[in-house]
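J.: Sequence below, structure please.
(chains A and B)
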Amino acid sequence: MTIGDPAWRAAVAEALDAAVPGSVELGALDYVEQLLGALDHDPPRIWAAPGSWDGAGGDRPAGAPSWLELGPWERQAWERRIEGWREAYERVAAGRAEEDDLRTVHVHACEGTYGDPAYGGNRDGGGWARIGFPEPLHPPAREVAG
Amino acid sequence: MSTWDCDAVVIGSGPGGSTAAEVLCAAGWSVVVLEKGRNHLIDTEPPHDPLRHFANDELAAHRRHLLGPDPLLEPRSYRRSAEDGDRLVVGEVNNLPSTVGGGGVHADAKLPRFREEDFRLRSERGPVDDASVEDWPLSYDDLEPHYAAVEELFGVAGEAGANPFAAPRSSPYPLPPGDDMPMAVVTAAAAARAGLHPYRAPTGVNSVPNDGRPACTDCGFCGGYGCPVQAKSDPVSALQRALRSGRCDLRPECYATELVLDATGRRATGVRYLDLREHPEPATREVRARHAVILAGGAFETPRFLLRQGLGGDLVGRFLTYHYQTFTVGMFPRDRFPDGTGGERGRSVTHLHDDLMVDTPELRRAAAGAGLPWVRGGVVEHGAGQMPVEEAVTYGAGPHHLDSMRDSALRRRMWVFTMQGEDLPQGSNRVDLDPSVRDVWGLPAGRVTYAPHPHELVASAFAGPLHEAVLTDAGAEVAFSATSPPQGDLDVHLAANPLGVAPASRHVMGTARMGSDPATSVVSAEQRLWGVDNVLVCDSSVFVTSTGYNPTLTLAALAHRATTLLAGAQPSARATASAVRRRKRS
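T.: Purely as a prediction, here's the structure:
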């Protein structure tokens, strides 16, 4: 079983939904896949630039960078971190998950449900909507809360 | 070719280093600022505009180490005492941001001054067994002009006279207070009914457009986040002025590793650093300073830097203090928090009260009951709960998840009093070099050895029930208190959250304390390193006591004073010039 193949996706989706019910429908699996492949992009998809996801009414300026650059040492740290997560998800997919692996799945399910949609999860802000969290502002502007 | 690259090298670009750079550049000095971390704050090229890397993004700021340091590159270790062995935990311990702007980037910029008593604690309150309570080698009056100057520099928003316990001021706050958090108004009213004296927090956040930067938009992503619109003023205002003087060379990703000394060993001539833009073998470079080297890496990194070279004597790293934090949590009914009135919009903290910093018969009785001569609490912040990712992680995995998130005890229904309790200095509490853990560049990691004094526990036990009653009066259905570091069974805490056993406070102080006697201090009253007197320490390392107030304004005022004395400038004239510039812009 390799990352991204149907069996892997099915097993990981099951684990994500067990951790955070409804997370896969909201994009948590896409979040995990984007995270595990983040370094395949240039710039890497680790830190979204402001406005990468601009919400329903947003308007990111044309040509604005969508991801921030990693420094070389930061890239080294993220290579190590992601390699560890890839191994964890391989164990999850193979039914050999350890306690730390399931903790990782839970954290990623939370991030993929309630984090910024630029990272691949929280589809259309649906995670925020289901808990009544007001969509973050971009660009931040003075508004009447609520 | 000149022998020197600059007049002064500043190590660290946080509030202390940036203030030092601004003062020296204004005095006509050329300055190189070395910053270990990345630059997400300000363009190093003219006209030095904001880089605008920050967003309302919980993942980047809180889960993905945007502000650094990455604990995989720069681990730290913690233990309570030597009885724990070499360490209890390794990882993210007391990490202030490692980035251009330092701790000023993530803080929500509460900038209270200390009070007169804070500088004379031994004289005013007396000694405490097993603690090193000392007077500072300067008074509030000595520092007051510099408080005024940095308040101007940072554009502090506040309300003079609102806090009855505040020290005298020579000038009003430069800006009016910002918007109140709606729930803070509710808890402030309850605090007042309990006989406390809440007031609007002085903050380095623009309440109105100032210094070319906009007013705060109350976006809600404040404490722990870089400001997307740069309404937070410290330290961007100081850095920007230093850069725009044309005399400041800001060098991100430059990790200072060694002080270069002359043949006598008593004078610094420069700094060696690793150029972290290079990978995997960063070059070692040197920058040569004609007059001075300023250490401003913070109270964790500054002693680590000195200890690597054995500089500063046996007291370097000792008398580490934090603020012993007591969190009193109130869970409110949902209808008490209409949409948007919790922490989802607005600044993190808009109200404070100081009452437990003041000597009262009740506090004296609490102290006497524990065999202590006196006890002081700390400033109490009225603040909101968590953001959704952190909240979701806290609830744990399983079928209960969605019900917990919708009920939202930790976000929508929570309000918290955080007491930044005074932490008495103890020689056994310290930062030193871990014997085997190293950073990715091969340098020994910093290690914290820390356990609270009974004073902190007594103050916390006094504050908890008092604040629970206030939150209950404000409408909380449930109120309870907890502390950091946590009390109780260590094994239980280690199992739940290993790194949670270390102090969570980012207020790190006292590891190179100032004094009048080299036998009992690391730096002089002018913050010069005993024995190498053209090296100044301009961060919270020099604090003699921790007080119970947020440290940033005081460390910046001290940096302002030390570098003003170094350069021979006059603070009152500088403050006046700053005020005139501000008025002209407005």
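
J.: Tell me which stretches of chain A form strands.
T.: Counting by DSSP state E, one finds no strands in chain A.

J.: Identify, by residue count, the longest helix of it.
T.: The helix spanning the most residues in chain A, taking DSSP state H as the definition, is helix A:72-93.

J.: which of the residues in that helix are buried?
T.: Residues of helix A:72-93 classed as buried: A:73-78, A:81-82, A:85, A:88-90, A:92-93 (neighbour count, 16 or more other C-beta atoms under 10 Å in any protein chain shown). From N, CA and C alone the C-beta is placed, and that goes for glycine too.

J.: One more: stretch B:140-152?
T.: Buried residues in stretch B:140-152, defined by neighbour count with 16+ other C-beta under 10 Å: B:140, B:143, B:144, B:145, B:146, B:147, B:148, B:149, B:150, B:151, B:152.

J.: Throw those residues into JSON lines and include distance to chain A and secondary structure, thanks.
T.: Putting the buried residues of stretch B:140-152 into JSON lines (distance: C-beta to the nearest C-beta, whole Å; DSSP: H, G, I helix; E, B strand; the rest coil) gives the following:
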{"residue": "B:140", "distance to chain A": "37", "secondary structure": "helix"}
{"residue": "B:143", "distance to chain A": "35", "secondary structure": "helix"}
{"residue": "B:144", "distance to chain A": "34", "secondary structure": "helix"}
{"residue": "B:145", "distance to chain A": "35", "secondary structure": "helix"}
{"residue": "B:146", "distance to chain A": "32", "secondary structure": "helix"}
{"residue": "B:147", "distance to chain A": "30", "secondary structure": "helix"}
{"residue": "B:148", "distance to chain A": "30", "secondary structure": "helix"}
{"residue": "B:149", "distance to chain A": "30", "secondary structure": "helix"}
{"residue": "B:150", "distance to chain A": "26", "secondary structure": "helix"}
{"residue": "B:151", "distance to chain A": "24", "secondary structure": "helix"}
{"residue": "B:152", "distance to chain A": "25", "secondary structure": "helix"}
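
J.: Please give me every residue in contact with the nearest residue to residue B:485 once chain neighbours are set aside.
T.: What sits nearest to residue B:485 in space, not counting adjacent residues and going by C-beta to C-beta, 6 or more residues apart in numbering or on different chains, is residue B:503, at 5.0 Å. Listed by C-beta atoms under 8 Å, 6 or more residues apart in numbering or on different chains, the contact partners of residue B:503 are B:94, B:322, B:324, B:325, B:448, B:450, B:484, B:485.

J.: count of residues packed around the spatially closest residue to residue B:356 that is not a sequence neighbour?
T.: Nearest non-adjacent residue to residue B:356, counting by C-beta to C-beta, 6+ apart: residue B:377, 2.7 Å away. As a burial measure, residue B:377 scores 27 neighbours (other C-beta atoms under 10 Å in any protein chain shown).

J.: Please look at residue B:377 and residue B:461 and confirm they touch.
T.: No - using C-beta atoms under 8 Å, residue B:377 makes no contact with residue B:461, being 10.5 Å away.

J.: Return the distance of residue B:187 relative to chain A.
T.: From residue B:187 over to chain A the distance is 18 Å, taken as C-beta to the nearest C-beta, to the nearest Å.

J.: Give me the three-state assignment for that residue.
T.: helix (DSSP: H, G, I helix; E, B strand; the rest coil).

J.: does it really touch residue B:350, like I thought?
T.: No - between residue B:187 and residue B:350 there is no contact under C-beta under 8 Å: 10.5 Å.

J.: Identify the contacts common to those two.
T.: Taking C-beta under 8 Å, 6+ apart as the criterion, residue B:187 and residue B:350 both touch residue B:382.

J.: Can I take it that residue B:350 is in a helix?
T.: No - counting by three-state DSSP, one finds residue B:350 to be strand, located in no helix.

J.: who's in contact with it?
T.: If you count contacts by C-beta under 8 Å, 6+ apart, residue B:350 has them with B:177, B:178, B:179, B:180, B:181, B:184, B:200, B:201, B:203, B:382.

J.: and if we set it to 6 Å?
T.: B:180, B:181, B:184, B:201 (C-beta atoms under 6 Å, 6 or more residues apart in numbering or on different chains).

J.: which of those are buried?
T.: Looks like the contacts of residue B:350 have B:181, B:184, B:201 buried, using 16+ other C-beta under 10 Å.

J.: Show the pLDDT at the first one.
T.: We have a pLDDT of 91 for residue B:181.

J.: One more: the last one?
T.: In the prediction, the pLDDT value recorded for residue B:201 is 97.

J.: what do you get for residue A:53?
T.: Residue A:53 is given a pLDDT of 68.

J.: Residue A:142 now?
T.: 53.

J.: Just give me the closest of the buried ones among the contacts of residue B:350 to chain A.
T.: Among the buried ones among the contacts of residue B:350, residue B:181 lies closest to chain A (C-beta to the nearest C-beta), at 10.2 Å.

J.: residues in contact with the residue nearest to residue B:356?
T.: Going by C-beta under 6 Å, 6+ apart, the list of residues near residue B:377 reads B:356, B:419, B:421, B:459, B:463, B:548.

J.: Kindly report the same for residue B:324.
T.: B:421, B:423, B:452, B:456.

J.: Keep only these that also lie close to chain A.
T.: Among those, not one lies near chain A by C-beta under 6 Å from any C-beta of the partner chain.

J.: circling back to that earlier point, so which of the contacts of residue B:350 belong to strands?
T.: Per DSSP E, the contacts of residue B:350 never map to strands.

J.: Turn these into a markdown table, including distance to residue B:279.
T.: Putting the contacts of residue B:350 into a markdown table (distance: C-beta to C-beta, whole Å) gives the following:
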| residue | distance to residue B:279 |
| --- | --- |
| B:180 | 47 |
| B:181 | 44 |
| B:184 | 46 |
| B:201 | 42 |
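
J.: Which of the residues you listed lies at the shortest distance from residue A:133?
T.: Distance to residue A:133 across those (C-beta to C-beta) is lowest for residue B:181, with 17.0 Å.

J.: List the contacts of that closest one.
T.: So residue B:181 contacts B:346, B:350 (C-beta under 6 Å, 6+ apart).

J.: Give me the distance between it and residue B:480.
T.: Per C-beta to C-beta, to the nearest Å, residue B:181 is found 22 Å from residue B:480.

J.: just how off-centre is the host helix or strand of residue B:19 within its chain?
T.: Per DSSP states H and E: residue B:19 is located in helix B:15-26. Taking C-alpha atoms, centre = their mean, to the nearest Å, one finds the center of helix B:15-26 at 17 Å from the center of the full chain.

J.: Does anything pack onto that helix? Which helices or strands?
T.: If you count contacts as 3 or more C-beta pairs under 6 Å, 6 or more residues apart in numbering or on different chains; DSSP states H and E, helix B:15-26 packs onto strand B:6-11, strand B:31-34, helix B:236-244, helix B:552-567.

J.: Next up, phi/psi of the residue nearest the centre of chain B, please.
T.: The residue lying closest to the centre of chain B (C-alpha atoms, centre = their mean) is residue B:507, at 4.4 Å. Phi and psi for residue B:507, reported as degrees, to the nearest 10, are phi -90, psi 90.
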